[in-house]
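Chemist: what's the 3D shape of this:
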Amino acid sequence: MQTDPLLQMRHIVKIFPGVLALNGVDFTLRKGEIHALMGENGAGKSTLIKVLTGVYSSDGGEIKVDGQVISIKSPQDAQNHGISTVYQEITLCPNLTVAENMFIGREDSVWIKRKDYEKKADEILSNLGIPARSTQELGNCSLAVQQMVAIARAVDMKCKVLILDEPTSSLDDKEVNMLFDLMRDLKSKGVGIIFVTHFLEQVYEVSDRITVLRNGELVGEYTVEELPQVELVSKMIGKELGELSSMGEHEEAEENKKEVFYEAEGLSSSDALPFDFKIRKGEVNGFTGLLGSGRSESVRAIFGADKVTGGNVKINGKKVSITKPIEAMRNGIGYLAEDRKRDGIIADLSVRENIILALQVMNGILRPISRSEAESYADEYIKMLNIKTASRETPVGSLSGGNQQKVILARWLLTHPEYLILDEPTRGIDVGTKLEIQKLVLKLAEDGVSVTFISSEIEEMLRTCSRLVVMRDRHIVGELKGKDLNQTKVMQTIAGGESENEDKQ
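Modeler: Sure thing, here's the model as predicted:
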């Protein structure tokens, strides 16, 4: 790895009304290195990147590229200085070809014939080892290849500094490895890569150095070798993780004494095959399985989010009909959906308006919540969940991912649910907020709320749940609890599909 400083950000300050977002932050990127930028949501990572890419102007400090002080007033300025960003949500055009996406909006493409720029695109794709053809429609490529095409576009535009913002959040393991191979190839060519991710294991797999931010300040810069993962987490959240040790200690005998709140027999929907399921009061259980196993489809059937096609449901022993979400809500069920941007937040509405949404739906349009009530509710839950927002009137779309998730949690907690379904509540958020949500789940269970918790991270499920329903190919293939509640057994059950129905409660 070369040691020449490629990018130097010194004493960067950014102030928003009432908020010191960056307080004299330093950051250095060398040629030919992958540098992880880590911190909780709200730590200042996104703000630092937006200053670097000209989305925000800084209120202090300087930026150097190749030793020269530069001024970045717009994204175009950043691009002119060789700084490019590939975002988590792909911003290319899926209806255009790979080649068209690589050259769209570029002046030189106007003067190049289609065959010529398709040939040039194929050369770039081949040189970078990207498994795509220039004439393919981008939308027919996998998400990983779409990410790589976005990177190829940036690299061909003479990018020196490549910023990858959560590039792996929607990729499977094989696709992640493909992306990492491309990152290593670019590193060998001298490109400096800033890697932003919430997956700690990936940091240690591909990064050379780590910079940690917390509360808008620099905590430190470290080589990967000198910062073990546990210490990284500690520096990100500002406290030791000993409190995690007591999480996940479940008393099986006590669980079995609790009354059943929800019970379904043969429940099915347009997307879920018939299944049986029950959850006790104050229990935290989970659906686990690989992507596409049917875990999300199952909880959507419970909530009536998809068309229910069969089955019987009882709540507190009484038969009920739940075929649509409003019926679930009126029976004490809340549901935080897997995709918070598509099915959760309404980005243009304020934090206050998002928090009261579910309660207003339950009340009906003829019983509007007054402004003063809404403000009181919003203030209560902003404080309770430690939601970082300038005010209750801030558009929720401008909040960090973790704080958006807390707003959606507040929305459902305001309805005082007896059963709360949380589908990927910690996806794409920082370690500290994950810990807060896990502790909140266990506190809700102590208060008698039933919780179904779904996460792609098995370790998180094991810490939080007392019983796991294991799924494969949209079938329940086992239930694990007690001494069987461990990662090895979960993976064996997913892989083998052995039925453990005799253990069901």
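Chemist: and the next helix or strand past the lowest-mean-pLDDT helix or strand in the chain?
Modeler: For the chain, counting by mean pLDDT, DSSP states H and E, helix 107-110 ranks last in confidence among helices and strands (a mean of 52). As assigned by DSSP states H and E, the chain's next helix or strand after helix 107-110 is helix 114-127.
Chemist: average model confidence for that next one?
Modeler: Averaged across helix 114-127, the pLDDT comes to 82.
Chemist: list the buried residues for it?
Modeler: 117, 118, 120, 121, 122, 124, 125 (16 or more other CB atoms under 10 Å). Yep, even glycine has a C-beta here, placed from its N, CA and C like the rest.
Chemist: where does the spatially closest residue to residue 168 that is not a sequence neighbour land in three-state SS?
Modeler: In space, and not counting its chain neighbours, residue 168 is closest to residue 176: 4.9 Å by CB to CB, 6 or more residues apart in numbering. Here residue 176 is recorded as helix under DSSP: H, G, I helix; E, B strand; the rest coil.
Chemist: same check on the one 3 residues further on?
Modeler: Assigned state for residue 179: helix (three-state reduction, three-state DSSP).
Chemist: how near is it to residue 150?
Modeler: Per CB to CB, to the nearest Å, residue 179 is found 11 Å from residue 150.
Chemist: likewise for residue 117?
Modeler: Plainly put, residue 117 is 17 Å away from residue 150 if you go by CB to CB.
Chemist: specify the residue ranges that define each domain of the protein.
Modeler: Residue ranges for the domains of the chain, per automatic domain parsing: 5-243, 249-503.
Chemist: what are the buried residues along the host helix or strand of residue 312?
Modeler: Secondary structure from DSSP H and E places residue 312 in strand 308-315. By 16+ other CB under 10 Å, the buried positions in strand 308-315 come out as 308, 311, 313, 315.
Chemist: got it, and stretch 59-76?
Modeler: Going by neighbour count (16+ other CB under 10 Å), the buried part of stretch 59-76 is 61, 63, 65, 70, 72.
Chemist: my guess is the first one contacts residue 15, does it?
Modeler: No. At 11.9 Å, residue 61 does not count as touching residue 15 under the criterion of CB atoms under 8 Å.
Chemist: that older thread, helix or strand next in line after the strand holding residue 312, which one?
Modeler: strand 318-320.
Chemist: now that next one: how far from the chain's centre is it?
Modeler: Distance, stretch centre to chain centre, for strand 318-320: 36 Å (CA atoms, centre = their mean, to the nearest Å).
Chemist: now do stretch 285-303
Modeler: The chain centroid and the centroid of stretch 285-303 are separated by 17 Å, computed with CA atoms, centre = their mean.
Chemist: avg pLDDT for it?
Modeler: 88.
Chemist: and if you look at stretch 432-444?
Modeler: For stretch 432-444, the mean pLDDT works out to 85.
Chemist: also stretch 462-469?
Modeler: 91.
Chemist: how about stretch 81-89?
Modeler: For stretch 81-89, the mean pLDDT works out to 83.
Chemist: same check, this time on stretch 362-372
Modeler: On average, stretch 362-372 scores 90.
Chemist: now do that stretch: everything it contacts.
Modeler: 326, 329, 330, 356, 359, 360, 377, 415 (CB atoms under 8 Å, 6 or more residues apart in numbering).
Chemist: buried set for stretch 190-197?
Modeler: Under the neighbour-count criterion of 16+ other CB under 10 Å, stretch 190-197 has 191, 192, 193, 194, 195, 196, 197 buried.
Chemist: quick one: which of the residues you listed sit in strands?
Modeler: 192, 193, 194, 195, 196 (DSSP state E).
Chemist: tell me the phi and psi of the nearest residue to the fourth one once chain neighbours are set aside?
Modeler: Just to be clear, that refers to residue 195. Nearest non-adjacent residue to residue 195, counting by CB to CB, 6+ apart: residue 36, 4.9 Å away. Note on residue 36: backbone dihedrals following degrees, to the nearest 10 are phi -80, psi 130.
Chemist: isn't residue 36 right up against residue 201?
Modeler: No. Using CB under 8 Å, residue 36 is not in contact with residue 201; the gap is 11.7 Å.
Chemist: the two: who's more crowded?
Modeler: The neighbour comparison of residue 36 against residue 201 (other CB atoms under 10 Å) goes to residue 36, with 24 against 9.
Chemist: got the confidence number for that one?
Modeler: Predicted confidence (pLDDT) for residue 36: 96.
Chemist: so residue 219 makes contact with residue 210?
Modeler: No. Here residue 219 does not reach residue 210: they are 10.0 Å apart, not a contact under CB under 8 Å.
Chemist: so for these two, which sits in the more crowded spot?
Modeler: More neighbours surround residue 210 than the other of residue 219 and residue 210, with 22 against 18 (other CB under 10 Å).
Chemist: quick one: residues contacting the more buried one.
Modeler: Neighbours of residue 210 in contact, by CB under 8 Å, 6+ apart: 35, 36, 38, 203, 221, 222, 223, 224, 227, 232.
Chemist: among those, find me the one that's closest to residue 456.
Modeler: Distance to residue 456 across those (CB to CB) is lowest for residue 203, with 17.1 Å.
Chemist: just checking, that closest one touches residue 236?
Modeler: No. Counting by CB under 8 Å, residue 203 does not reach residue 236; the two are 11.0 Å apart.
Chemist: so for the two, which residues contact both of them?
Modeler: residue 38.
Chemist: below-threshold pLDDT in the stretch 201-350 of the chain: ranges please.
Modeler: 237, 239-257, 291 (pLDDT under 70).
Chemist: quick one: the helices in it?
Modeler: In the stretch 201-350 of the chain, the helices defined using DSSP state H, counting those that start in this stretch lie at 229-237, 252-257, 295-303, 325-330, 340-343.
Chemist: residue 349 contacts residue 395, correct?
Modeler: Yes. Counting by CB under 8 Å, residue 395 is a contact partner of residue 349 at 6.9 Å.
Chemist: residue 321 - how many residues pack around it?
Modeler: By the criterion of other CB under 10 Å, residue 321 has 11 neighbours.
Chemist: any idea how far residue 184 is from it?
Modeler: Separation of residue 321 from residue 184 (CB to CB): 55 Å.
Chemist: done for today, thanks.
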